[in-house]
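Participant: for reference, the sequence and a predicted model appear below.
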Amino acid sequence: MSEQAINRRQLLASAAAVGGLSLGLSLVPGEAGAATRDRRGAASWENIIEKSSFSSSSAFGKEWNHLYPWDGDPDTHNGAARMHASQVSLSGGVLTLTATRLAAPDGLSPHSPNAPLWYRSGAIHAKEQILVNDQFPEYDIEGEFRTQTGQGIWPAFWITGTWPAWPPESDILEYVGDSTNLFNTWNQTSSGDEGEEQSDDVFVTRERVSGHNPDSWFKYRVWMTKEGDDVLLDYYFNGEYVTTHRGVGWAGVPQRLILNLQMGSWASGIEPGGPGWDDQPGPAGDTYFKARNVWVGRTRAW
């Protein structure tokens, strides 16, 4: 890891120790201290998604679109839920995605592994793309979330290469059928990260964080920094630094920010096509994934 990354980590640790940093909240212009200015150097700072984007329908419409960001079948992905705008609601600055079990499946997802669509749910994506490059060398992405977890429940807050360019992918929040959050970084080539695994023809580095309570709000954050052709990703849980992954060749690759409540499929605990797959076991009633204070900022070098 570069000396720059090590120094950055030391700075964050010291700031957290004195209560000066909580998931990037002190990085907003006007709230930043001298240490933050030193870290960011001469680059200017700008917000591209404000924390108030869930405060009203008009504020939401300025920053977000419904469904997934890909052109083909934007209401489905790799789970057992079809997305509908009606499953997304706003109240008191909180966005709620609701997954509802159906009496019968609404066909099959066209995306592998082609799960039966037993749920109606919600997904949104940011209108602004994430693009780490020489002009925008740093991004901070964060939010506070409260979600149910367990068999069949698959909430996620993540960024992915503009469809169908996958990977890259960074999972900032992801619970796949249990109460362990996965900070995942997906690469087309090996990054050399400790614990990296090969999955078919791609590579993933995972860091697992337990301690989730579905009745509590938790903060999730990734801080992305350009390093040559790569991007370093520092992950945080509830204000505490967790790990750093490397996105190989991510510099200059546009990505989209997505917030969704998927259901079933890999979160069902059943292998595709195996016994019980057609039934997609999971919650019988409604399942909720709530978000507030979602914020994205970046440095601008010119």
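Facilitator: Cool, got the structure.
Participant: in the stretch 1-150 of the chain, what spans have low per-residue confidence?
Facilitator: Low-confidence segments of the stretch 1-150 of the chain, defined by pLDDT under 70: 1-43.
Participant: same for the longest strand anywhere in the chain, what does it pack against?
Facilitator: Criterion DSSP state E: the longest strand present in the chain is strand 286-300. Applying 3 or more CB pairs under 8 Å, 6 or more residues apart in numbering; DSSP states H and E, one finds that strand 286-300 makes contact with strand 44-49, strand 94-101, strand 138-147, strand 153-161, strand 255-263. For every residue, glycine as well, the C-beta is placed using N, CA and C.
Participant: okay, the ones you listed, which one's buried deepest?
Facilitator: For the helices and strands packed on strand 286-300, the largest average neighbour count (mean count of other CB atoms under 10 Å) is found in strand 255-263, namely a mean of 25.
Participant: what is the neighbour count of residue 107?
Facilitator: 11 (other CB atoms under 10 Å).
Participant: got it, and residue 103?
Facilitator: Other residues within reach of residue 103, judged by other CB under 10 Å, total 5.
Participant: I'd guess it is in a strand, am I close?
Facilitator: No - read with DSSP: H, G, I helix; E, B strand; the rest coil, residue 103 is coil and lies in no strand.
Participant: how close does it get to residue 120?
Facilitator: Per CB to CB, to the nearest Å, residue 103 is found 11 Å from residue 120.
Participant: for the closest residue to residue 300 other than its chain neighbours, give its distance to residue 99.
Facilitator: Nearest residue to residue 300, sequence neighbours excluded (CB to CB, 6 or more residues apart in numbering): residue 44, at 5.0 Å. Separation of residue 44 from residue 99 (CB to CB): 40 Å.
Participant: could you do residue 271 as well?
Facilitator: For residue 271, the distance to residue 99 equals 22 Å [CB to CB].
Participant: same deal with residue 268?
Facilitator: Counting by CB to CB - residue 268 and residue 99 are separated by 13 Å.
Participant: go on, residue 174?
Facilitator: Here the criterion is CB to CB. By it, residue 174 lies 15 Å from residue 99.
Participant: same question, residue 205
Facilitator: Residue 205 is 28 Å from residue 99, by CB to CB.
Participant: check residue 85 too.
Facilitator: From residue 85 across to residue 99, the span is 14 Å (CB to CB).
Participant: spit out the residues that contact the two alike.
Facilitator: Shared contacts of residue 85 and residue 99, defined by CB atoms under 8 Å, 6 or more residues apart in numbering, comprise residue 122.
Participant: my guess is residue 252 contacts residue 130, does it?
Facilitator: No - counting by CB atoms under 8 Å, no contact exists between residue 252 and residue 130, whose distance comes to 11.6 Å.
Participant: who's more crowded, those two?
Facilitator: Neighbours were counted for residue 252 and for residue 130 using other CB under 10 Å; residue 130 has more, 26 against 13.
Participant: didn't the more buried one look like it was pressed against residue 159?
Facilitator: Yes - the pair residue 130 / residue 159 is scored as a contact, 5.4 Å apart, by CB under 8 Å.
Participant: give me the common contacts of those two.
Facilitator: Overlap of the contact sets of residue 130 and residue 159 (by CB under 8 Å, 6+ apart) consists of 141, 255-257.
Participant: among these, which one sits closest to residue 109?
Facilitator: The closest of the shared contacts of residue 130 and residue 159 to residue 109 turns out to be residue 256 (CB to CB; 19.1 Å).
Participant: and the closest one, what does it touch?
Facilitator: With CB under 8 Å, 6+ apart, residue 256 has these contacts: 69, 125-126, 129-130, 159-160, 162-163.
Participant: could you check how far it is from residue 126?
Facilitator: The value you get for residue 256 to residue 126, if CB to CB is used, is 7 Å.
Participant: so how far is residue 101 from residue 86?
Facilitator: Counting by CB to CB, the gap from residue 86 to residue 101 is 15 Å.
Participant: again with residue 54
Facilitator: Using CB to CB, residue 54 is found at 25 Å from residue 101.
Participant: residue ranges for the strands of the stretch 151-300 of the chain, please.
Facilitator: 153-161, 169-174, 181-187, 197-199, 202-209, 218-227, 230-237, 240-247, 255-263, 286-300 (DSSP state E, counting those that start in this stretch).
Participant: ok but residue 58 is inside a strand, no?
Facilitator: No - assigned with three-state DSSP, residue 58 falls outside any strand and is helix.
Participant: burial measure for it, as a count.
Facilitator: Burial of residue 58 is recorded as 7 neighbouring residues (other CB under 10 Å).
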